[in-house]
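Novice: got a structure for you, letters missing:
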Ligand SMILES: O=c1ccn([C@H]2C[C@H](O)[C@@H](COP(=O)(O)OP(=O)(O)OP(=O)(O)O)O2)c(=O)[nH]1
Ligand SMILES: [Mg+2]
């Protein structure tokens, strides 16, 4: 990789022993694939917080986003109901991947299967400043499809 990486401490929990750490599948991958630490079958429309056997210490000023894998989504309807999941820099518990099976068939996950991807991102803290009036814009209060669908 030709750009700076931020160090993220990772601790294996006892049930995570022997599993590969999350890793980038290619040199240009945005996310590290993370594997399941458990065998679990998701019924159609079922969901489960899947163990990873890992705990993280993310540096302040960063977060980790948990995102679905498109292959599992397209082939099997496997997604994350909270996508992107947010891993806070002060969280020291087990990283869990909340999976939902939006497909019609049960989906079997085996320990060691790659189930999601982790994207490291900077966090911009916001400072709310309460005011009586907001400035005017062309959009104004228009939203939720106010600009239409088709071009022309
Ligand atoms: O997919 C996820 C989402 C969250 N977490 C962990 C890390 C995160 O820092 C913590 C809290 O997540 P979040 O803020 O999304 O959940 P909440 O419902 O607001 O819980 P809390 O009140 O604990 O913040 O749970 C996971 O392990 N996996
Ligand atoms: Mg929260």
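Specialist: In hand now; what should we look at? It should be emphasised that the depicted structure is a prediction, and the values quoted were computed from it without experimental measurement. Numbering: from 1, shown residues only. Ligands and ions are numbered 1, 2, ... in the order given.
Novice: where along this structure do the strands fall?
Specialist: Listed in chain order, the strands found in the chain under DSSP state E are 9-12, 23-24, 32-35, 40-42, 47-57, 62-67, 78-79, 85-87, 94-101, 107-109, 114-122.
Novice: Any idea which of the ones you listed gets closest to ligand 1?
Specialist: For these, distance to ligand 1 was read as C-beta to the nearest ligand atom. The smallest value, 2.6 Å, belongs to strand 85-87. C-betas here are computed from N, CA, C, even on glycine.
Novice: Neighbouring strands - and their directions - for the closest one?
Specialist: Within its sheet, and counting by DSSP bridges, strand 85-87 is paired with strand 62-67 (antiparallel).
Novice: any residue of the partner strand up close to ligand 1?
Specialist: Yes - shown here: strand 62-67 in contact with ligand 1 (C-beta under 6 Å from any ligand atom) through residue 66.
Novice: Ok, stretch 89-108 next?
Specialist: Yes - contact of stretch 89-108 with ligand 1 is found when judged by C-beta under 6 Å from any ligand atom, involving 91, 95, 96, 98.
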